[in-house]
Structure formats: C-alpha cells, structure tokens
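Q: Build the 3D model from these lines:
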Amino acid sequence: MPSFNSIDDLDYFIFDHDKFLFGRSGKQRSKQEAANHTNRPDTCGHSRKLTTKLRNAEKRAKVARSKKRSHRSQRVISC
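A: Below is the predicted model of the structure:
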C-alpha cells in the first residue's frame, strides 16, 4: 500500500496538464460551444441604456410635477 506522501507519475501528469485543459471557453465548455453561446449584438442599439434614461426622465418629470402642485397649493391669495 503506497503512503500518502508518495506522488506517482500520474499525479505529476495531472499537475502539469490541469492548466491546459480548459482554454478561454470557461465553465468547462468546448471552444465551439463557447462561440455559439456568446453575447449577441443587440440590433436595437443600447436598449438597456435607453430604457434607464427614459425611466429616469419620467421619474424626474413626476417629481417636478408634484413640486409644482405643492408650490401652487402653498400660495396665499390676498384679496
């Protein structure tokens, strides 16, 4: 029975080649599979950026309208 301290040739092979098994594809996928499952370009352009911009514009307009209403209600009409 071999002792736990001994490292045989198979272990050296595994240590040497474990760095080279997965090349740039990530998640242990083949290069072809990684190429097929990449981020595809969006034909609409920067849709996420635009939706965030529109959402923030609506939020700012809503706040401005509420401030305008509260400002009108605070006016004192003198007779």
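
Q: May I see the buried residues of the helix or strand hosting Lys59?
A: Using DSSP states H and E, Lys59 sits in helix 47-74. When burial is assessed from 16 or more other C-beta atoms under 10 Å, helix 47-74 yields no buried residues. C-beta here means a position set from N, CA and C on the backbone, and glycine is covered the same way.

Q: cool, stretch 30-42 as well?
A: Quick answer for stretch 30-42: no buried residues (16+ other C-beta under 10 Å).

Q: Arg29 and Arg40: what is the separation?
A: 17 Å (C-beta to C-beta, to the nearest Å).

Q: Pull the contacting residues for Ser66.
A: Not one residue lies near Ser66 by C-beta atoms under 8 Å, 6 or more residues apart in numbering.

Q: Sorry, slip of the keys, the one I care about is Thr52.
A: Applying C-beta under 8 Å, 6+ apart to Thr52 gives no contacts.

Q: what's the spacing between it and Thr43?
A: To Thr43, Thr52 is 19 Å away according to C-beta to C-beta.

Q: How about Ala35?
A: 20 Å.

Q: what's the answer for Leu54, then?
A: Leu54 is 19 Å from Thr43, where distance means C-beta to C-beta.

Q: after the helix or strand bottoming out on mean pLDDT in the chain comes which helix or strand?
A: Sorted by mean pLDDT, DSSP states H and E, the helices and strands of the chain end with helix 9-17, the least confident at a mean of 61. Proceeding N to C from helix 9-17, the next assigned helix or strand is helix 31-36, under DSSP H and E.

Q: Give the other helices and strands that that next one contacts.
A: Contacting helix 31-36 under the criterion 3 or more C-beta pairs under 8 Å, 6 or more residues apart in numbering; DSSP states H and E is no other helix or strand.
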